[in-house]
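1. Sequence below, structure please.
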Amino acid sequence: MQANLQANQEQPLDTEERELIMALAPLYRQQLDAARQQAREEAMQQGLQQGLQQGLQQELQQGLQQGQRLIIENVLQTRLGQLTSTLAALITPLSALPSQQLTPFLLQLSQLENSESGIQQAQRFIVENLLRIRFGELDAQLTALVTPLLGLPPQDLSQYLSQLSQLSREQLLARFPQASS
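-> I've put the predicted structure just below:
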């Protein structure tokens, strides 16, 4: 401000003008600092609100998924008895499904009998339907993947099925070349 006044004046500043500039300069700096501080605080407040919103949304999503997981476990245990390690591995990919896709699954699973063949049918049914949801109708190649997928260790099976949404059909088939030939 002082430099601006001096540049705009052809004549040198008199004593009163210099005193006024000297008195106003600290006030100007205080107001500028206060405006900067207020902008920082508003930015922090906005950032905190956005962070809280995102955190709450994530917690809500995790809570819903946990609830679905418990429902799936209860339906499978009630209907089929003790969960096999393969059935337990299938719960995680199932719990990620939207409720409108999960409900028909559970209704069909609840009709299976409590026997060894019922457990095998449930495992096959779950894998086939997860593939169907991801890729549409199952053709011979995708149907041929069901048995090798069920032959995987439970942890690998769960990982593959949880990653289905990120895999193309070709990528999945390439991981099981013996099944797709």
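2. What score does the residue most central in space within the chain have for pLDDT?
-> Among the residues of the chain, the smallest C-alpha distance to the mean C-alpha position (CA atoms, centre = their mean) belongs to residue 58, namely 7.3 Å. Listed pLDDT for residue 58 reads 89.
3. Please report the distance of it from residue 46.
-> In this structure, residue 58 and residue 46 are separated by 19 Å, where distance is defined by CB to CB, to the nearest Å. Yep, even glycine has a C-beta here, placed from its N, CA and C like the rest.
4. try residue 53
-> Applying CB to CB, the value for residue 53 to residue 46 is 11 Å.
5. And for residue 54?
-> 13 Å.
6. so residue 178 makes contact with residue 148?
-> Yes - assessed by CB atoms under 8 Å, residue 178 is found in contact with residue 148 at 7.0 Å.
7. Looking at the two, which is more packed in?
-> residue 148 (14 against 7; other CB atoms under 10 Å).
8. Against which helices or strands is the longest helix along the chain packed?
-> Determined from DSSP state H, the single longest helix within the chain is helix 15-80. Helix 15-80 sits against helix 2-8, helix 85-95, helix 99-109, helix 116-135, with contacts defined as 3 or more CB pairs under 8 Å, 6 or more residues apart in numbering; DSSP states H and E.
9. Tell me which of the ones you listed sits most buried.
-> Among those, the stretch with the highest mean neighbour count (mean count of other CB atoms under 10 Å) is helix 85-95, at a mean of 20.
10. Run through who's touching that helix.
-> 65-66, 68-69, 72-73, 76, 80, 83, 102, 105, 119, 122-123, 126-127, 130, 150, 154-155, 157-158, 161-162, 164 (CB atoms under 8 Å, 6 or more residues apart in numbering).
11. can you state the direction angle for that helix and helix 116-135?
-> Computed by axes from the mean of the first three to the mean of the last three CA atoms, to 10 degrees, the angle separating helix 85-95 from helix 116-135 equals 30 degrees.
12. from the chain's centre, how far out does helix 85-95 sit?
-> Chain-centre distance of helix 85-95: 19 Å, with CA atoms, centre = their mean, to the nearest Å.
13. average model confidence for that helix?
-> 90.
14. Could you do stretch 169-177 as well?
-> 88.
15. What residues of it count as buried?
-> Going by neighbour count (16 or more other CB atoms under 10 Å), the buried part of stretch 169-177 is 172-173, 176.
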